[in-house]
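In: only geometry, no sequence info:
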């Protein structure tokens, strides 16, 4: 019986290749476009997110403000108001933070064996890795112990390493000279792909205390970076840091604060509104494709069944039971939608892969888009393939045979 | 073996009720060759559909082999059509794009017989209906009218039915082909099949043994042709019945 059903279904579909082909095409287009659109949308979203993440996630940067004297006000950022103790107090007293890194940074001429370059030297603590979302490629980063002992060690950014020792060289164990002090190289950070003036790839990291002792010669820090645990806690963290610093610096009027706080919330807000709009745009395009595909399938199925009402009548007239006619049409609809669905998923997946490769978007096929697209197309195909056939099978054979 | 008691069939056309059959009663015995004749609109087609279990009467009873058909459900009617009735349609009603063999095997679908057995039976029936062997794999829409009618007859024969009903079997054919088809039906009758044909042509009806004439939904006359000829046929029937089984 099942063999008969199977054979009739295949024969019937193969017997009208154009009809079957067009129905499958409708399903393929609907499913493939939804999968591709959704994967591009999600790819764009994750691409924008990762760009923001590369600055450092949930970052709050505190920099010294203008020193307000009796008569002369110096420029912003030039004041020396922030100390290591400020950073330690923030770390100890503010909740919901991942890390705090006080930094001393200045540009120096750096020499290695026979070469030299001019770049930013950052004196900092181990938390810097966490705060700035930095990773170590090989070797190791600075440790607390090295900070305590003001060790003369340095970690290079990959671009600096390329400039001084050649592309992809392993400089560990060699020395560089900054302001006539020799630093031993203990590690290289992983490239973050940044560029421009504050390129994290073109920097040299040394222990904070070493920078203070050998390079700047004082106990102040040029910035304190604070990383909040997540986006939601940033506002609270920023407020707590402000309050704490005002209290420590004995300032009551916030307009007179001798420090500035900058955060990522603004960037994040802009980015999420962009990705939000983008997602709505792509979902509506995908929705329309699905609708058009669905109407195509519906149209094809209805035409098919109308055309075949006489065949249904004939099958009934020669004594085929209603249930087998229903099953045959159901099987035809199922085979069509599953064939179309399979091809559609494959094409959508292929298109996403091509987009990921050539447009450089991390487009990824999501299971939910496959299920949604397949569910809608299969639903439409099966309902509109089966329901009219069921109605035709319920007619008396005479009525069905006379159907025009 | 066929018994109709006061068959009435009415259709509702809007608010107007039209009666196609107004109380028809008759008996047809096994092995008879009957023509139902009447002008168009006489109700003969409706009667044929009821006899073929394709339609059910509004009132009255129809017994086929002692079973009251008017009380059966949709699936039981399907089974009855498959097992006891061979129907030959005026418009042939073959599956387009299907081969001759496939068309003939159609009633055997979902019956649990093997493919090999089906093909053997289909070939046997096709040969029996006078179809050339070389055309067995042709598509049905490539055949001539006479060939299509042979395929339709072969399909009607495949389940070895108690009765064969033919609705205007010669309606779409020329005179020569008509006579060949009638000859085939005559041979089937001589081999023991009960055959009922519907026609509006008197010459065709006269090639059968009994003519039931219908007009305006009632039986106008029921005449048996030359008894001697019929006697001869009955005797050959008995011999052929043994051969067929």
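Out: Nice, I can see it. Source: prediction; values computed, not measured.

In: ok, residue A:144 - contacts?
Out: A:125, A:126 (Cβ atoms under 8 Å, 6 or more residues apart in numbering or on different chains). Every C-beta, even on glycine, is put in place using the N, C-alpha and C of the backbone.

In: check what pLDDT residue 53 gets.
Out: Answering for chain A, as no chain was given. pLDDT for residue A:53: 65.

In: looking at chain B here, not the other one
Out: 89.

In: element containing it, please.
Out: Counting by DSSP states H and E, no helix or strand carries residue B:53.

In: could you list which residues are in contact with it?
Out: Neighbours of residue B:53 in contact, by Cβ under 8 Å, 6+ apart: B:64, B:69, B:72, B:77, B:80, B:81, B:85.

In: now with 6 Å?
Out: Residue B:53 makes contacts with B:69, B:77, B:80, B:81, as judged by Cβ atoms under 6 Å, 6 or more residues apart in numbering or on different chains.

In: same check, this time on residue A:140
Out: A:186, A:187.

In: for it, phi and psi?
Out: phi -140, psi 170 (degrees, to the nearest 10).

In: how near is the residue of chain B found nearest chain A to residue B:221?
Out: Going by Cβ to the nearest Cβ, chain A is nearest to residue B:82 of chain B, at 2.5 Å. Residue B:82 sits at a distance of 34 Å from residue B:221 (criterion: Cβ to Cβ, to the nearest Å).

In: which of the two has more neighbours?
Out: residue B:82 (23 against 10; other Cβ atoms under 10 Å in any protein chain shown).

In: wait, that one sits on residue B:106?
Out: No: in this structure residue B:82 lies outside contact range of residue B:106 using Cβ atoms under 6 Å: 10.0 Å.

In: what segments of chain B are strands?
Out: In chain B, the segments counted as strands under DSSP state E are B:2-13, B:16-28, B:33-37, B:59-64, B:67-68, B:85-88, B:163-167, B:194-199, B:210-215, B:218-224.

In: by mean pLDDT, flag the weakest helix or strand of chain B.
Out: Lowest by mean pLDDT, DSSP states H and E among the helices and strands of chain B is helix B:227-244, with a mean of 46.

In: contacting residues around residue 222?
Out: I went with chain A, as the question did not name one. If you count contacts by Cβ under 6 Å, 6+ apart, residue A:222 has them with A:104, A:105.

In: chain B, not that one
Out: Residue B:222 neighbours (Cβ under 6 Å, 6+ apart): residue B:212.

In: the residue nearest to residue A:389 when sequence neighbours are not counted: how many residues sit nearby?
Out: Closest residue to residue A:389 apart from its sequence neighbours, by Cβ to Cβ, 6 or more residues apart in numbering or on different chains: residue A:329 at 3.5 Å. Residue A:329 has 26 neighbouring residues, counting by other Cβ under 10 Å.

In: residue A:329: which element?
Out: Per DSSP H and E: helix A:322-358 holds residue A:329.

In: for that helix, packing partners?
Out: Applying 3 or more Cβ pairs under 6 Å, 6 or more residues apart in numbering or on different chains; DSSP states H and E, we find helix A:322-358 packed against helix A:2-15, helix A:17-55, helix A:367-394.

In: so what's residue B:158 up against?
Out: Residue B:158 touches B:104, B:107, B:121, B:125, counting by Cβ under 6 Å, 6+ apart.

In: among those, name the ones in helices.
Out: If you go by DSSP state H, those have B:104, B:121, B:125 in helices.

In: what residue spans form the domains of chain A?
Out: A:2-51+A:270-402, A:59-263 (automatic domain parsing).

In: what about the residue lying closest to residue B:99 once chain neighbours are set aside, distance to residue B:102?
Out: Counting by Cβ to Cβ, 6+ apart, residue B:99 lies nearest to residue B:137, which is 5.3 Å off, once chain neighbours are set aside. Counting by Cβ to Cβ, the gap from residue B:137 to residue B:102 is 9 Å.

In: comparing those two, which residue is more hemmed in?
Out: residue B:102 (22 against 10).

In: with residue B:86 as the reference, measure out to the most centrally placed residue in chain B.
Out: Closest to where the C-alpha atoms of chain B average out (Cα atoms, centre = their mean) is residue B:165, at 1.0 Å. From residue B:165 over to residue B:86 the distance is 7 Å, taken as Cβ to Cβ.

In: next, the buried residues of the helix or strand containing residue A:109.
Out: If you go by DSSP H and E, residue A:109 is part of strand A:97-112. Within strand A:97-112, the residues that count as buried by 16 or more other Cβ atoms under 10 Å in any protein chain shown are A:97-105, A:108, A:110-112.

In: list just the nearest of those residues to residue A:272.
Out: Nearest to residue A:272 among the buried residues of strand A:97-112, counting by Cβ to Cβ, is residue A:98 at 20.3 Å.

In: okay, the strands of chain B, which one's buried deepest?
Out: Counting by mean count of other Cβ atoms under 10 Å in any protein chain shown, strand B:85-88 has the highest mean neighbour count of the strands of chain B, with a mean of 27.

In: is residue A:151 in a helix, a strand, or coil?
Out: coil (DSSP: H, G, I helix; E, B strand; the rest coil).

In: contacting residues around it?
Out: residue A:207.

In: now the residue in chain A positioned nearest to chain B. Nearest residue, chain neighbours left out?
Out: Proximity of chain A to chain B (Cβ to the nearest Cβ) peaks at residue A:319, 2.5 Å away. Leaving aside its chain neighbours, residue A:319 sits nearest to residue B:82 (2.5 Å; criterion: Cβ to Cβ, 6+ apart).

In: who are the contact partners of the one you found?
Out: Residue B:82 neighbours (Cβ under 6 Å, 6+ apart): A:319, B:107, B:159.

In: pLDDT at it, what is it?
Out: At residue B:82, pLDDT is 89.

In: do the same with the one 3 residues further on
Out: If you check residue B:85, the pLDDT there is 91.

In: check contacts around it.
Out: Contacts of residue B:85 by Cβ under 6 Å, 6+ apart are B:52, B:161, B:163.

In: beta partners of the last one?
Out: In this case it means residue B:163. Note on residue B:163: beta-bridge partners by DSSP bridges are residue B:85, residue B:194.

In: pretty sure it is touching residue B:194, no?
Out: Yes: counting by Cβ under 6 Å, residue B:194 is a contact partner of residue B:163 at 4.4 Å.

In: alongside chain B, which residues does chain A contribute?
Out: Contact residues, chain A versus chain B (Cβ under 6 Å from any Cβ of the partner chain): A:1, A:4, A:15, A:314, A:317-322, A:324, A:396-398.

In: repeat the analysis, applying 7 Å as the threshold.
Out: Counting by Cβ under 7 Å from any Cβ of the partner chain, the residues of chain A close to chain B are A:1, A:4, A:8, A:15, A:311, A:314, A:316-322, A:324, A:396-398, A:401.

In: residue ranges with poor pLDDT in chain B?
Out: Scanning chain B for pLDDT under 70 picks out the ranges B:226-245.

In: run through the residues of it sitting next to chain A.
Out: Within chain B, the residues that sit near chain A (Cβ under 7 Å from any Cβ) are B:49, B:54-55, B:74-75, B:78-79, B:81-82, B:87, B:93, B:95, B:97, B:106-107, B:109-110, B:112, B:155.
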